[in-house]
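Participant: The amino acid sequence is not available; the structure is as follows:
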């Protein structure tokens with residue numbers, strides 16, 4: 001019913017993506033179970049039981065996250081689902097490419113592609129909306145997409161698992177040291193991933209709001225009467241680039257009168273500088289859907 005009842009631009013792909021990942025995640029224990037059992041068969045009984053309980057807990061946490069669309073749920077899904085794919089890959093190699101291992105890896109890999117997709121990102125982002133507004137996720141900066149994002153994911157996963165695994169293997173000294181170092185690092189890295197899911201362009205009845213802690217010190221409203229144009233950026237534009245070097249099509253926001261905006265300067269959160277701009281660039285994950293929704297709201301595009 002959700003797929004058919006909402007005719008807003010992009011809603012169908014958002015609903016489809018969330019239902020696909022829910023179904024895949026529900027089926028994952030059946031698809032990955034045989035290869036997991038073979039891979040952990042030779043482990044000590046206590047370790048095997050602990051790993052089993054941990055994996056079921058992870059599975060339940062991620063499934064609940066798919067039911068509650070919010071930025072923190074998006075972070076959980078985008079950390080946990082790729083981690084499951086990595087585990088299924090290891091199981092497939094451990095079982096010498098068994099059929100069950102390959103099936104589990106393919107299913108978890110497909111779930112990962114959905115978890116990282118733009119429609120799913122917008123679905124979870126819009127879960128934080130209230131009233132007559134709609135939130136669209138901004139693309140991650142280029143260096144984050146290529147390097148720092150995967151690195152943050154790797155730190156999170158290894159920080160949460162490596163130390164406790166060594167402790168379960170009775171390697172108390174190294175396990176304790178890695179837990180003491182890894183868990184705080186995992187908290188920092190996972191928070192960075194969470195913060196990436198809180199960068200939005202928001203369509204509100206009054207106009208549009210730029211909510212991006214990497215670019216501006218405070219959420220910035222561009223009133224609909226002040227907005228003269230929201231359109232794909234042209235090559236050589238002199239608009240202020242707030243896209244953070246992200247990949248994909250940038251949109252240009254142009255104002256009829258100069259806009260006062262608190263631009264983020266440097267790396268410290270409290271360092272901002274008031275600037276006057278007439279136009280700037282943003283890079284939403286789905287620019288076509290954003291433009292369609294803006295047109296539906298009678299914004300100038």
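Facilitator: Received it, and whenever you're ready, just let me know what you need. As the structure is a prediction and not an experimental result, all values here were calculated from the model.

Participant: Contact partners for residue 244?
Facilitator: Taking CB atoms under 8 Å, 6 or more residues apart in numbering, we find residue 244 in contact with 138, 140-142, 212, 214-215, 283. Yep, even glycine has a C-beta here, placed from its N, CA and C like the rest.

Participant: now swap in residue 131 and tell me
Facilitator: Residues near residue 131 by CB under 8 Å, 6+ apart: 204-205.

Participant: thinking again about what came up before, dump the contacts of residue 244 into TSV; add pLDDT and secondary structure as well.
Facilitator: Output for those, formatted as TSV (pLDDT from 0 to 100; DSSP: H, G, I helix; E, B strand; the rest coil):
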residue	pLDDT	secondary structure
138	96	strand
140	94	coil
141	94	coil
142	91	helix
212	94	coil
214	91	coil
215	91	coil
283	95	coil
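
Participant: Please list only the buried members of the residues you listed.
Facilitator: 138, 140-142, 212, 215, 283 (16 or more other CB atoms under 10 Å).

Participant: Okay, strands next: where are they in this protein?
Facilitator: Ranges of strands in the chain, per DSSP state E, are 134-137, 200-204, 207-211, 220-223, 227-232, 240-241, 251-264, 272-282.

Participant: could you dump these to CSV with distance to residue 162?
Facilitator: Shown next, in CSV, are these (distance: least, CB to CB, whole Å):
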stretch, distance to residue 162
strand 134-137, 31
strand 200-204, 34
strand 207-211, 35
strand 220-223, 41
strand 227-232, 45
strand 240-241, 39
strand 251-264, 34
strand 272-282, 38
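
Participant: Buried deepest among these, which one?
Facilitator: Mean neighbours per residue, mean count of other CB atoms under 10 Å, is largest over the strands of the chain for strand 134-137, with a mean of 24.

Participant: Which elements pack onto that strand?
Facilitator: For strand 134-137, the elements it packs on are helix 118-126, strand 200-204, helix 287-296, judged by 3 or more CB pairs under 8 Å, 6 or more residues apart in numbering; DSSP states H and E.

Participant: hmm, try it at 10 Å
Facilitator: helix 71-94, helix 118-126, strand 200-204, strand 207-211, helix 287-296 (3 or more CB pairs under 10 Å, 6 or more residues apart in numbering; DSSP states H and E).

Participant: Direction included, what does that strand pair up with?
Facilitator: Strand pairing for strand 134-137, determined by DSSP bridges: strand 200-204 (antiparallel).

Participant: Report the distance from the strand it pairs with to the chain centre.
Facilitator: 17 Å (CA atoms, centre = their mean, to the nearest Å).

Participant: Any idea what residue 230 is bridged to?
Facilitator: Going by DSSP bridges, residue 230 forms beta bridges with residue 253.

Participant: show me what contacts it?
Facilitator: By CB atoms under 10 Å, 6 or more residues apart in numbering, the residues touching residue 230 are 201, 203, 207-208, 222, 251-254, 282, 287, 290-291, 294-295, 299-301.

Participant: Residue 12 is in contact with residue 18, correct?
Facilitator: No: counting by CB atoms under 10 Å, residue 12 is not a contact partner of residue 18; they are 11.2 Å apart.

Participant: Neighbour count: these two, which is higher?
Facilitator: residue 18 (20 against 15; other CB atoms under 10 Å).
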